[in-house]
Every structure is written in structure tokens, then in C-alpha cells.
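Peer 1: Structure for this input, please:
(2 chains)
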Protein chains: 2
Amino acid sequence: MKMKPSTALNELPVLELARGLARREWSAEQVMRDCLARIEQREPEVGAWEYLAADAALQRARELDRGAVQGLLHGLPIGVKDIFDTADMPTGLGTPIYSGNRPRSDAAVVATCRGEGAIMLGKTVTTELATSFAGRTRNPLRSTHTPGGSSSGSAAAVADFMVPLALGTQTAASVIRPAAFCGIVGYKPGFGKLVRAGVKSQSETLDTVGGFARSVGGAALLVAAMSGDRRLLELESGGVPVFGLCRTPEWAHADADTRQAMLDARAGLAAAGARVLELELPALEGLTQVQTEIMFFEAARSYSWERLVHFESLSPGLRQMMESGMAISPERHERNLALTAQARSRIDDVFGGVDVLLAPSTIGEAPAGIGHTGDPVFCRQWSLLGLPCVHVPFALGGSGMPVGLQVVGRAGGDLAALRAARFMEASLGEGASHA
Amino acid sequence: MKMKPSTALNELPVLELARGLARREWSAEQVMRDCLARIEQREPEVGAWEYLAADAALQRARELDRGAVQGLLHGLPIGVKDIFDTADMPTGLGTPIYSGNRPRSDAAVVATCRGEGAIMLGKTVTTELATSFAGRTRNPLRSTHTPGGSSSGSAAAVADFMVPLALGTQTAASVIRPAAFCGIVGYKPGFGKLVRAGVKSQSETLDTVGGFARSVGGAALLVAAMSGDRRLLELESGGVPVFGLCRTPEWAHADADTRQAMLDARAGLAAAGARVLELELPALEGLTQVQTEIMFFEAARSYSWERLVHFESLSPGLRQMMESGMAISPERHERNLALTAQARSRIDDVFGGVDVLLAPSTIGEAPAGIGHTGDPVFCRQWSLLGLPCVHVPFALGGSGMPVGLQVVGRAGGDLAALRAARFMEASLGEGASHA
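Peer 2: As a prediction, the model looks like this:
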């Protein structure tokens, strides 16, 4: 066993950390202790964790140190959004309704991570039932500001160097938005890439499991491990991507920081040798509304038990969301699903000659306040289309908080999206990002 | 309160039973007592129930009798396949791995049924994790024979007059096949019609919640209540349907009984004034294989916790299914999903001028033995396509066991499928069916 590097292990880039663990250059226990030290120091301010299994995690780390190298995630501590079932930790779903809830089994992807050698360190704060009603987590970069949501604790924990990786989910914007507000990489894979078994279901049409890391390679590693798709590890080949700059029909919402990020990205990518085309996408018109209605309709029905048995324990906002959802008729929902199917079948054409789209992730920097999680407007259409999305942080906005953009891939184009995101990360200067 | 009819209440047609409950012609307690008496008498032979909440059900019945009429299912006892989460009953999933498992909440459709006044009487036997490895349930019509699966107990309980309605799920053939073998109506709604939240996930591409009844109207009532789509209650209008007789590419598997059922149906429907066209469906070619591979791939991953943590507790057959599933590559799965999307988008065209298809449900009568649940070959393609299917029993096979056919509707055509099934039920003689 080598000496620890002078940098604390929790601050190492995840690929380097994983490599060192696999080569036994440092122990899983050392990594875990550095993560726990960081958490001890910072958790009172950040509030990223709903439950921390520190002792069990250390014990598991020592077991891993004694045994054979387990898999892609050997010894890596992972934070798990508190809507994933865990057999050894409570699953509270951000609502007192599930206080003390102990599922029998692990969500499928949690089990897979453990099978790959990961150590599930704890459950991270989620908004109420993964909707928009905020938990207590603060943005680690500025504690007066929201970290975004609904995967609030996962994004904050990774951004704050508490863990190298964390699991989240996205129904509207719940991976990309908190990644953007916290200045890290968020990867929402294409729909169907990861199974959702054991993850609380909000909207079957939209819910997508994703992950957080401080680099594109880290996010790719996590999803490669969970999906078993090892192709996602090959990010450094594939040539220079062609980007399609896509302002989306929601462009009027973008503030000066996001507008500047689009200009900077275009210039920076071109300077790095990439072709960047401008794309008009009238095909996206109306999809934000369709996504909202589908989410409301399905959430109200998926949460039938909570709505019918525990209505009084829901926040007023969520009660209203449920009522709006129940007011949407089955006929209208059928129409919305038909529009979705049509849009999904046609979206490939709009990519034309480009490999990926480059689009805003958020209106701008994380807004002030922790009572809300920001506007999901720039993510709804991509969630509806089920396309792979990778948020890449590369700039700072007017108030010094992170800003970035999302790479959007074709259906089935997760690898191309990750490669383009990696290209962007490398060419726009990793130094500019928080990580 | 009127006197009970001379028929035991558990034997009444469900629509009549529901009407009488809503009008207080008989009490929910009387209905429950008759169901419980039947269960007490028959359960030792049939083995339909994994868990019976007799006392709680009687108590709930008395509460309903004292209060206002609750909804579409007021006072109706319902059996729940033991892969639906229930907050007040164990959820065992047909495997010792989940022995004593007590979920915190109800599956969404269970909560909705309760909200509509239903009384969840107990959990019915499922095959192991809803796959093909049989439980202990026997066919109530002949106890040496399988009731079919995976929703074995639900189908047997309804066929045996233990309950008027029961919940099931279908991934390959798990609603239609047990309905056929037990001689009752099984209704697998179109994909997306019912939310799956709180139902054990086997294959997100395929899993569909459905229901059992002894009449088409009963099955429609159940799904209307669960989905909130009240249009499904209007079965008696819509005119005479046009049927497309569809032997499917699996026709060579059909035995003499199924072949005879197709001939009889054609003649009987024509005699009742319906047009029956013969359809060739080359578009279905290969879909059975695609369905099988998708199911294996997704089940192996959705059941990751069971596979990685409790492999030794799985049956040898399920272990092998898991290993086959893990051997299918992500590339192949992507290809299979692309073929599915293509087939789903094209299937509407093959309906041409017909309202519904009429196709075999099973190879023939329930086979002897209870160690297996029969061949799913005639259901796989419809599960893959996500089309609404209604099994209608109307004949007896060579050995005196029930035979029938399934009506297959277009995507979004649940109402048309139910109306055609109702037309078929009326014209082919309800007397011929077991119910």
C-alpha cells in the first residue's frame, strides 16, 4: 500500500480514485475516512444527507480491502437519493409519510452498484416524493442558494467532495438542474438504459435513473457499471463531434449568463476544432406543456396511496399538483402520450448532420433561497423525448455561481453524448468549472 | 335490506352483485361471508390464497355497510396477486426471499380499488417472482391440472367463485393464459392504461396490470375503477364489431381444440351478424423471440438484488433464466427495443378495416400437472405490442376443460376491444363457458 497522496482522497478525480483503489494504491477504508471527515466538517452547513451509514460503510470498506477487487466501482463511496429502496438503510422519500420505512430489498441499480464493489454510504436528501417541494439541502457553493432538485442531496454531496459519485433520478429536470446549480456533471441516460425497479415511481413515461460526478468520465463510469454497458467507458475515441446549437422554444427564459454560456461554448468548441451548427427545432414546440401534463397526470395516479390515505401529510403544493393531475382526463392523457410517441419517433430527423445537440440546462445560476429548486423549463422536453443528456459545467455566471450547458444525444446515442460532453469538458477548460 | 337471493352471493354475476351492493339490497358483510364460506370449503383443494385477511375484510365490510356508498367497487371482495404491495398484508412474491415482507404502502391500483370501495380480501398465489415457475395452486375445474400462471391464484379464485374480481399482471401470458385455463375473462389493458407503481417490476417494457372476472363487464368494471376511465363502462353501445381472424405466425402450435374454437367463433360471430375477415399478419413474424429476449434481459436486471444477494434461494429454472438474460448484450437489447418500437408503430396498419383481431389465447386446454403453467406462445407478441387483450371463454375442449379466444384491440382501443369481447360473450353463448 502506497502512501496517501497529499490531496485528501475525497478530492481526487473519480477515475484516478478508482484506478488507485483497483491497484491498491490506497485502501477503501482510507477513501471512506476522508469522505467521512469531509462530511463531518461540512454536513451541518450543507444538509445533503438524510441517513448516513458510516459504520457499515467502514466495515464494508475493510471487507473490500481484504478481498479481491470487485468490479468497476471497487471501494467507491456512493450517495443514494432517498427514493431508491435500500435493504440496509431507511428509505424516506422526502416525506413524513415514509418516516422509518425499511424496504426488504435494494433497488436494482443499488444492488448492481454493490455488486461492482461500490459502498453505499448513505441516503441523500430528496425533495418531497421527488417533486418540486424542497428539502433542507443548501448549495455547497453558497449556502443561501438552492442546490436544485429533486436530487438535491446527491448533487450537493458530490459537488462538496463528500462522495465521488451519487445516484439521482429525473422526471422533469431533477438530475440536470441540480448538477448545473452545483457546478458538477449530471448524466441522465437515455430512457430505458437503466432499470427503475425499486425506485419510487412518479411517472412511468418520464422517470429516469441517472448519476452525478465531478467529471464526465466519472458519470460514464457510474452508468457503465449500473447498466453493464462497458462501451460507455470508451470516451476518448470517436473523433471530433459535430454540435448543433439548440436554443429551444424556451430561449426567451434564458438569462444573460446562459446566453453568454452559449456564445462561449460556440466559440470555445470551434476553437478546439469542432463544427458547431445552429439548429432551429420547431419540432420541440409544445413539448414542455405535454411533459408537464403527463407528469401531473401520472404522479397523481402513481401516488394514489399517498393521495388517498395520507393527503393531509402532503405539502400544500403537492396536494395542488395531485389535484391538477386528477383533473386531467384519460382522453387528454392519451392525446399527450400519442404526441409523445410521435415526437420521439421524429426527433432523430432534427439531428440531421449533427452528432449531438447543445442546449441550455437552466435559466441561469442557482437562484437565491432554499425553499424552491429552480425552474425546470429547459429540461422538460428532453425528459419527455427520453434522450440522453449530460450537463457539463464550464463557466461562472454574473454572481460567481456555476453555469453550463447540456449535451443532448440521439435515442440510443448515450456514448456519442458522453464523448461530446467529454470533448466539451476538455476544450472549454475544466479549470473554469467548480470541480 | 332485502333478503339474500337463493343463489349464494359469491355466485352472482359481478355487475348484478355490484348493483345490489350499491342499492343496499344486500350488505357487503353478507357478500363477504358467502365468499369466505366458499373459500373455507374449497381452499384446501384449490390453494389460491397466499394470505387471507378474513377478519379485516369483514370489519371493512361492516364499515362500508354503515357508511355512504364509496364508488364503483363498493363492497366487492377482491383478490390481489401477491406481487402487488399491500400496506396491511404481507407481499411474498412467490419466493422465500420475501417471506414475511411487509411493504409500507399499497400499490397505486390497490389504493385506487380501496378508494372505490373494494375490499382487498387477500393475496393470491403467484409463480416465483411472476415468472414461469409454478406455485401450489390447482385448477379449480380439475385439480390435477394447472390453473396457468403467473397470476395463478387470482384466476383460480375468480373461477372458483371465491371472489368476483382479482388483480393480475402480464409480462408474457400471465393474465390471458390463466383466464383461459380456468374458463374466465382475463383483461390485459393496453400498455400504460394502469400505473404499475408498487407492483414488483420484472420487465418495464412488458409488465402490464390486468384483471380477472367471470364476465367481460366485470373485467371492464374493475379496470374502469382502477384507471378512472369511465368510458370502459359503456359496453353495450358501439354497433356490431368487425373481427379480423388472426391465426398468428404461431398457428402451428395450436391444437385441435383451439382450431375448433376458431372455426366455431367465426361461424357463431357471423351468425350473430358480425363481419369476420381473415387476416394474414406477416408483421408479427419474429416478435415472439423478441419478447422472450426482452423479458429475459430486463428480468435479470430488474431482479438484480435477488440475483446478486439471494441467488441460492431462486429455483434452478429461474437461475437459468437470469443467466440467459445476463448473457444478452446491451447491443442486442437495443436492437430488440428498436424492433419493438417499429412493430408498435406499424401494428395499427395491419388492423386495416377491422375493429379488433381475434386470436388464440393458448395452445388448447389447461395441460395436466401443476408443476408448470403452460405455454405462453400465443400471448408473447401481444404483450410486446402492448395492445389491449381480452380473453373470452366460450367452449369446452376435448377433455371437457375450457377453451376460448382473445380479442386484441388497437393501441388505445381498450373500449373497442371490450365491446367486441362483450359481443362475443353474448353471441357465442355464455352458457358454454364455465362461468
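
Peer 1: all helices for chain A, in order.
Peer 2: Along chain A, the segments classed as helices by DSSP state H run A:14-22, A:28-46, A:54-66, A:108-115, A:152-159, A:176-182, A:216-227, A:256-271, A:287-302, A:304-309, A:316-327, A:330-351, A:380-385, A:414-427.

Peer 1: just the angle between the last one and helix B:330-351, please?
Peer 2: Interaxial angle, helix A:414-427 versus helix B:330-351 (axes from the mean of the first three to the mean of the last three Cα atoms, to 10 degrees): 130 degrees.

Peer 1: swap in the first one?
Peer 2: For helix A:14-22 against helix B:330-351, the angle by the same axes, to 10 degrees is 130 degrees.

Peer 1: Helix A:14-22: which residues count as buried?
Peer 2: For helix A:14-22, the neighbour count (16 or more other Cβ atoms under 10 Å in any protein chain shown) marks A:Val14, A:Leu15, A:Glu16, A:Leu17, A:Ala18, A:Gly20, A:Leu21, A:Ala22 as buried. Every residue, glycine included, has its C-beta placed from N, CA and C.

Peer 1: Tell me the pLDDT of A:Ala219.
Peer 2: Predicted confidence (pLDDT) for A:Ala219: 98.

Peer 1: what sits against it?
Peer 2: Contacts here follow Cβ atoms under 8 Å, 6 or more residues apart in numbering or on different chains; on that basis A:Ala219 touches A:Leu165, A:Val185, A:Gly186, A:Tyr187, A:Gly211, A:Phe212, A:Ala213, A:Val390, A:Leu418.

Peer 1: Out of the helices of chain A, which gets the lowest mean score?
Peer 2: Between these, the one with the least mean pLDDT is helix A:330-351; it has a mean of 93.

Peer 1: Burial check on A:Leu58, number of neighbours?
Peer 2: 17 (other Cβ atoms under 10 Å in any protein chain shown).

Peer 1: if I look at the nearest residue in space to it that is not next to it in sequence, how far off is chain B?
Peer 2: Using Cβ to Cβ, 6 or more residues apart in numbering or on different chains and skipping the chain neighbours, the partner closest in space to A:Leu58 is A:Met32 (5.6 Å). Separation of A:Met32 from chain B (Cβ to the nearest Cβ, to the nearest Å): 21 Å.

Peer 1: what's A:Met32 in contact with, if anything?
Peer 2: Contacts here follow Cβ under 8 Å, 6+ apart; on that basis A:Met32 touches A:Ala57, A:Leu58, A:Ala61, A:Gly75, A:Pro77, A:Ile119, A:Leu121.

Peer 1: Surely the last one and A:Tyr51 touch.
Peer 2: What it means is A:Leu121. No: counting by Cβ atoms under 8 Å, A:Leu121 stays clear of A:Tyr51, with 9.7 Å between them.

Peer 1: Settle it for me: which of those two has more neighbours?
Peer 2: For the pair A:Leu121 and A:Tyr51, the greater number of neighbours falls to A:Leu121 (31 against 16), based on other Cβ under 10 Å.

Peer 1: What separation is there between that one and A:Lys81?
Peer 2: 13 Å (Cβ to Cβ, to the nearest Å).

Peer 1: Can you verify my assumption that A:Gly412 contacts A:Gly190?
Peer 2: Yes: with contact defined as Cβ under 8 Å, A:Gly412 counts as touching A:Gly190 (6.3 Å).

Peer 1: Please pick the buried ones from the contacts of A:Ala219.
Peer 2: By 16+ other Cβ under 10 Å, these give A:Leu165, A:Val185, A:Gly186, A:Tyr187, A:Gly211, A:Phe212, A:Ala213, A:Val390, A:Leu418 as buried.

Peer 1: where's the fourth one relative to B:Ser99, distance?
Peer 2: Distance of A:Tyr187 to B:Ser99, given as Cβ to Cβ: 37 Å.

Peer 1: Give me every residue in the stretch 201-350 of chain A that's in contact range of chain B.
Peer 2: The stretch 201-350 of chain A has residues A:201, A:204-205, A:227-229, A:231, A:298, A:301-309, A:326, A:330, A:334, A:337-338, A:341, A:345 near chain B, with proximity defined as Cβ under 8 Å from any Cβ of the partner chain.

Peer 1: What subset of these is buried?
Peer 2: A:201, A:204-205, A:227-229, A:298, A:301-309, A:330, A:334, A:337.

Peer 1: Check chain A and tell me which residue is nearest its centre.
Peer 2: Residue closest to the mean C-alpha point of chain A, counted by Cα atoms, centre = their mean, is A:Val175 at 2.9 Å.

Peer 1: Let me see the contact set for that residue.
Peer 2: A:Val175 makes contacts with A:Ser151, A:Gly168, A:Thr169, A:Gly186, A:Tyr187, A:Lys188, A:Thr208, A:Gly210, A:Gly211, A:Phe212, A:Cys389, A:His391, as judged by Cβ under 8 Å, 6+ apart.

Peer 1: can you check A:Ala48 too?
Peer 2: Counted by Cβ under 8 Å, 6+ apart, A:Ala48 has contacts A:39, A:79, A:124-125, A:137, A:140, A:147, A:152-154, A:156-157, A:160, A:162.

Peer 1: Check it and give its pLDDT.
Peer 2: A:Ala48 is given a pLDDT of 98.

Peer 1: How about A:Val195?
Peer 2: A:Val195 carries a pLDDT value of 98.

Peer 1: excluding its backbone neighbours, what's nearest A:Leu418?
Peer 2: A:Ala220 (4.9 Å).

Peer 1: ok, the one you found - how many residues close by?
Peer 2: For A:Ala220, using other Cβ under 10 Å, the count is 30.

Peer 1: how's chain A carved up into domains?
Peer 2: Domains of chain A are assigned by automatic domain parsing as A:9-233, A:242-287+A:336-432.

Peer 1: out of these, deepest packed?
Peer 2: Burial among these, expressed as mean neighbours by mean count of other Cβ atoms under 10 Å in any protein chain shown, is greatest for domain A:9-233, which shows a mean of 24.

Peer 1: Between the two ends of that one, how far is it?
Peer 2: Here the two ends of domain A:9-233 are set 22 Å apart, with distance taken as Cα to Cα, to the nearest Å.

Peer 1: For the buried residues of helix A:14-22, give me CSV that also has distance to A:Gly286.
Peer 2: Listed next are these as CSV, based on distance: Cβ to Cβ, whole Å:
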residue, distance to A:Gly286
A:Val14, 39
A:Leu15, 41
A:Glu16, 45
A:Leu17, 44
A:Ala18, 43
A:Gly20, 49
A:Leu21, 48
A:Ala22, 48
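
Peer 1: for these, which one is nearest A:Gly273?
Peer 2: A:Leu15 (23.7 Å; Cβ to Cβ).
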